[in-house]
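>>> Have a look at this prediction, sequence included:
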Amino acid sequence: MASSASDHLSKDLEETDSDDFAKVWAALSKGEKTAEALESNLTNLEKKIDDLLASFEESERKKVEEVDGEDLKKEEVTPKPKDLKASKTGETPSTNGENSKSSSSTLGE
């Protein structure tokens with residue numbers, strides 16, 4: 001009889017282990033599916049953030065180019081202060097920083 005009680009107990013333990021294993025396996029499978037879904041969502045979110053950053057950077061680059069273009073136009077149209085002074089005195093600004101008499105002003109002298 002001892003052996004039949006031992007066999008019965010052994011079968012109960014095996015069934016319990018099997019049930020526990022099945023439950024653990026199901027929980028792991030569910031957790032894996034949840035992790036895959038989260039990873040997919042994070043990948044999509046990362047792509048959206050990258051797209052937003054690229055759009056923002058492009059917008060900022062265009063603004064900078066626009067401002068730089070306007071600055072260049074202002075420089076072409078608006079004489080620099082030393083250029084104004086030189087034009088009043090009949091001198092032309094030179095590249096080395098010194099003013100020289102304009103050839104048209106020396107003809108009129």
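Everything's here; your move.
>>> so where's the protein uncertain?
Where the chain drops to pLDDT under 70, the residues are 1-13, 72-109.
>>> And the helices in it?
Remark: helices assigned in the chain by DSSP state H are 2-77, 81-89, 103-107.
>>> burial count for Glu36?
Residues lying near Glu36 (other C-beta atoms under 10 Å) number 10. In this view, the C-beta of every residue, glycine as well, is placed from N, C-alpha and C.
>>> what sits against it?
By C-beta atoms under 8 Å, 6 or more residues apart in numbering, the contact list for Glu36 is empty.
>>> Pull up the gap between it and Leu42, please.
The spacing between Glu36 and Leu42, counted by C-beta to C-beta, to the nearest Å, is 11 Å.
>>> Ok, Ser59 next?
Separation of Ser59 from Leu42 (C-beta to C-beta) stands at 26 Å.
>>> repeat for Glu14
Look at Glu14 and Leu42: by C-beta to C-beta, they are 41 Å apart.
>>> circling back to that earlier point, which residues do Glu36 and Leu42 both contact?
Counting by C-beta under 8 Å, 6+ apart, Glu36 and Leu42 have no contacts in common.
>>> State the distance from Glu15 to Ala27.
19 Å.
>>> just Phe56 next, same as before
Look at Phe56 and Ala27: by C-beta to C-beta, they are 43 Å apart.
>>> And Glu46, by the same measure?
Distance of Glu46 to Ala27, given as C-beta to C-beta: 28 Å.
>>> Same check on Thr43?
Thr43 is 25 Å from Ala27, by C-beta to C-beta.
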